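Peer 1: build me a model:
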Amino acid sequence: MKNQTLIRDDQESFFYNLRFMLIVCVLAGNALEPLITRFAGAEALFLWIYTFHMPLFVWVTGYFAIHSLQGASGRNVLKQIALQYVLFQSLYALMDFTVFHTPHMRLSFFAPYLLLWFLASHFCWRLLLRLTISWKPIYRLIGSIALGVIAGYLPIDGFWLSFSRTFVFLPFFVIGYDYGATIRSHLLSGWGRKTAAILSAALLVWIGYGGLNISSGWLLGSMTYAELGHHEWYAGIFRVGVYLLEIASAALFLAWVPSLTSRLTDLGRRTLYVFLLHGFLVRLAIWSGVYSYMGSSAYIPVILVIAVLFAVTLALPAVRHTFKPVIEPDISRFSFNRHEVFKRSA
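Peer 2: Numbering: from 1, shown residues only. Below you'll find the predicted structure:
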C-alpha cells in the first residue's frame, strides 16, 4: 500500500511538473510569434515548441479529467469552463475596445479570442468523452483520430467555436484520459531517457536547418485542409503525418520532465492562472511597440527568460488569492436545488 501511494504521488508530481513546463512553452510561443517572420531562430523555436506543447497540454488535461468527468463534479467543471469562457472573452474584447482601439471591434462568443479556443475545446472534449464513456478505450481512440482527420475536409470556418482544434486535438485528450497513467509508467529512465532528451534537442536543430518544411497552420490545428491550401482528397494523410510528428516530439520532450516533488510541482497546480492572464501581458507588449526595437535574434533568449519569469509570477499563491473569484468562481452560486425552488414557489 505504501509503495502504491509513493508511485501515485510520483505520478502526480510528474504531471504537475509537466504542466508548468508546458505553460512556460505556451507563454514563450505566444511571445515569440511576433518575431517568427523576422528571425529564423525565432521561427525554428516556435515550430519546435508547437510540435509538442499543445498535444501534451491536451494530454495532461485529459489525464486530470479522470476524477472529474462525470457526476456532480463533472457538471461543475463544465459550468466553470463556460463561465471562464464568457467572462474572459468579454474582458479581452473590452481591452481591445478601450485600450487598443481595435477597428470594427465587436464581441462574439462564436470566435474564441486568442488562447480562449482551449476553453471552448476543453468544454467539447469533456462532452464528447461523456457521450462515449461506455465505449472501449481503443474504439474511442480510433474514433477520435478518425474525427480529427475527417474534420479537415468539412467546408466550414475551422476557427468558428474552435471547431477545427476541437477535433484535431481530441485524440490527445482521449489518450490522456484513457492511457495517461499507463504511458507515464512506461517512460524510459537512465540512458534511454538521456537519449530521448538529446533527440528532442536534435529535433530543434533539424528544424532550425529547415528540416520541417510545413506551414505552421498544420501544427496550430486551427484550419481546415482547404484553408491550408490543400484541396486534394488525400489531404487527410498529411494530418496523420503531423500526428506522428507530434507524438514523436511529445514523447521525446517527456524526457526533460522531472518526477520529484519540488517547487515546480507547486507552480504546476496553478497553471490555469498563467494561461488565462498571460494573454493580457502579451497583447500589451505587442501594443507597446517593444518588438520594433528588437533588431536581432539576440533578443530571443531575453524573451525566453521573461516568459519564465512571467509564468512563475502568475503562478504565485498571491496571484491566485487575488484572481480566484474571477478565474475559479464559486459554482454553487450558479446552481439551484429543484426541491428548494418548488418550496419557495409553494
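Peer 1: for the protein, give me the ranges with low pLDDT.
Peer 2: Filtered on pLDDT under 70, the chain yields the residue ranges 1-9, 101, 104-106, 332-346.
Peer 1: again, only this time at 50
Peer 2: Residues of the chain that meet the criterion pLDDT under 50 lie in 1-3, 6, 336, 338-346.
Peer 1: scan it for its longest helix.
Peer 2: Longest helix in the chain by number of residues, with DSSP state H as the criterion: helix 2-32.
Peer 1: check which element follows it along the chain.
Peer 2: The helix or strand immediately downstream of helix 2-32 is helix 40-50, counting by DSSP states H and E.
Peer 1: buried ones in that next one?
Peer 2: For helix 40-50, the buried set under the neighbour-count rule, 16 or more other C-beta atoms under 10 Å, comprises G41, A42, E43, A44, L45, F46, L47, W48, I49, Y50. For glycine as for every other residue, the C-beta is placed from the backbone atoms N, C-alpha and C.
Peer 1: repeat that for stretch 155-171.
Peer 2: Residues of stretch 155-171 classed as buried: 158-159, 161-171 (neighbour count, 16+ other C-beta under 10 Å).
Peer 1: so which of these are in helices?
Peer 2: Those of these lying in helices (DSSP H): F163, S164, R165, T166, F167, V168, L170, P171.
Peer 1: I'd say the last one and G143 touch.
Peer 2: What it means is P171. No. The pair P171 and G143 does not pass the contact test of C-beta atoms under 8 Å, sitting 9.2 Å apart.
Peer 1: from the chain's centre, how far out does stretch 231-243 sit?
Peer 2: Averaged C-alpha coordinates place stretch 231-243 at 22 Å from its chain's average position (C-alpha atoms, centre = their mean, to the nearest Å).
Peer 1: for it, buried residues please.
Peer 2: For stretch 231-243, the neighbour count (16+ other C-beta under 10 Å) marks A235, G236, F238, R239, V242, Y243 as buried.
Peer 1: looking at the residues you listed, which is nearest I306?
Peer 2: Distance to I306, by C-beta to C-beta, is smallest for V242 among those, at 29.9 Å.
Peer 1: what sits against that closest one?
Peer 2: Listed by C-beta atoms under 8 Å, 6 or more residues apart in numbering, the contact partners of V242 are I214, W218, L219.
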